[in-house]
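Peer 1: Structure here, sequence nowhere to be found:
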């Protein structure tokens, strides 16, 4: 019996990862509780118990006066004290197991664990990790990702909480540290800290930007993270379900780092305003949509990665903003070209920036007088309201124009009538034929009811032509349509001077027939 008890205690200690000595002490305390129940005593010091660690023999006694002990046989305790000992042992064993789990997973907090998916409870995924159950809230899951019972789940141990009589293990797959740990596992240089992950910004399930640098000049941080033909980065992307990862080369210069973070877009110029923590980026028109990204994702991640508020402008918008600022400030007395240049160097490129920084910065950085600085800020604030109203009006007009174009396109596709006021002109048949001819590359089609046009003749050189003879009056030997060989126009009838000189009107010299209609 005693040997069997020791074997059970050893098994529990091994399976639950609990100290064997702790379990034996719990058993002794349970036997003391049984003795107190049997003798109906509240004094915890009145009884004692000891279990031999080798043989498993249990000895109980009662402390009497004069430091004497009275041995209590186990057979005399009865059923109720035995039930009390059982309940105390179960309770203490569970507490020991909870403490063991709390200590073990607290040490593993921030590490990657592999578990098995069990079920969903209210949107949270329950995962069996080793000998404990963890839960992954909906906010820590990758959007659109689903697991089935029995699927392998690789996740980050985000937090370990002691809640009452249980330990809650919070798991995550959407936290940025999850990708950091994946890089440490897949890229040996990152795990050995030869390559350091400087910053990271992530939108789980869509895109991640990570900035890396190397302490060894012989190791390329970007190439090492990508691997040969993308082997290393591909395994991480597969684990994340196809999430895009942009690896950015870190640089201590904020201008270079921001330009790298906005890739694949090409940046022409970066202007920093340290007072506002804002970076103004100038990109070409064809790079604007690429720099902003889908629904602003690229610029949003770049701003989080670099820690700067990023505004993206085209060269035209940038020049227009500077022009408005110059026209607003230059008229104020005390503002010179040098001050305007220093404003641009400090990243203040619009009236909105001057309004936001306030007069104190202008006095400190630009060495303006207090009165001049106040006047500059007030003027820029008034102009900023006007510019904001104009921008709002332009946005509304653009939205209205876009809605009209969409309605017109929908009506044309459905074969209905174009709505009134849509701003689209319906071309006439002649305009449509002209447009078709210009596309096909041929001459425009001419209506058969109209004769071919003749170029206008100068009145002094070509007088009015006599009426044409009817078709039946023509001689049989002449062609029906006699045109000049050079211009392709109908032949010009002879002038009255040639008739007076005795030449026949039906005979035209070859030199005269080669001349254009208008001399």
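Peer 2: That came through, no problem. Remember, it's a predicted structure, so these values are computed and weren't measured experimentally.
Peer 1: What's the end-to-end length of stretch 200-208?
Peer 2: Stretch 200-208 has an end-to-end distance of 7 Å (criterion: C-alpha to C-alpha, to the nearest Å).
Peer 1: who's in contact with that stretch?
Peer 2: 142-145, 173-174, 176, 179-180, 209-211, 240-241, 243-246, 297-298, 300-302, 304-305 (C-beta atoms under 8 Å, 6 or more residues apart in numbering). Any C-beta I mention is one placed from the backbone N, CA and C, and that applies to glycine too.
Peer 1: Looking at those residues, which are in strands?
Peer 2: Within the contacts of stretch 200-208, residues falling in strands by DSSP state E are 209-211, 244-246.
Peer 1: among the residues you listed, who's most crowded?
Peer 2: When neighbours are counted by other C-beta atoms under 10 Å, residue 209 leads the ones in strands among the contacts of stretch 200-208 with 26 neighbours.
Peer 1: Give me the distance between that residue and residue 198.
Peer 2: 11 Å (C-beta to C-beta, to the nearest Å).
Peer 1: Spatially, which two of the ones in strands among the contacts of stretch 200-208 are the most separated?
Peer 2: Using C-beta to C-beta, the ones in strands among the contacts of stretch 200-208 span at most 15.6 Å, a distance reached by 211 and 244.
Peer 1: among the contacts of stretch 200-208, which are in helices?
Peer 2: If you go by DSSP state H, the contacts of stretch 200-208 have 176, 179-180, 297-298, 300-302, 304-305 in helices.
Peer 1: which of these are buried?
Peer 2: 176, 179-180, 298, 300-302, 304-305 (16 or more other C-beta atoms under 10 Å).
Peer 1: what does the domain assignment say about this protein?
Peer 2: 2-103, 108-174, 178-250, 252-313, 315-390 (automatic domain parsing).
Peer 1: Can you add mean pLDDT and distance to residue 404 and give these back as CSV?
Peer 2: Converted to CSV, the domains of the chain look like this (pLDDT from 0 to 100; distance: least, C-beta to C-beta, whole Å):
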stretch, mean pLDDT, distance to residue 404
domain 2-103, 85, 65
domain 108-174, 91, 35
domain 178-250, 92, 33
domain 252-313, 91, 23
domain 315-390, 87, 21
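Peer 1: mind listing the strands for this structure?
Peer 2: 47-51, 58-63, 69-71, 112-121, 124-129, 132-136, 152-163, 166-172, 195-203, 207-214, 244-249, 269-273, 278-282, 309-313.
Peer 1: Ok, which of those comes nearest residue 105?
Peer 2: Going by C-beta to C-beta, the one of these nearest residue 105 is strand 152-163, 4.6 Å.
Peer 1: Which of the residues in stretch 148-161 are classified as buried?
Peer 2: Buried, per 16+ other C-beta under 10 Å, within stretch 148-161: 153-160.
Peer 1: which of these lies closest to residue 35?
Peer 2: Using C-beta to C-beta, the buried residues of stretch 148-161 come closest to residue 35 at residue 160, 37.6 Å.
Peer 1: I'd say the closest one and residue 104 touch.
Peer 2: No - applying C-beta atoms under 8 Å, one finds residue 160 not in contact with residue 104, separated by 9.1 Å.
Peer 1: Find the centremost residue of the protein, please.
Peer 2: For the chain, residue 297 is the residue whose C-alpha lies nearest the centre (C-alpha atoms, centre = their mean; 2.6 Å).
Peer 1: what about that residue, distance to residue 120?
Peer 2: For residue 297, the distance to residue 120 - C-beta to C-beta - is 29 Å.
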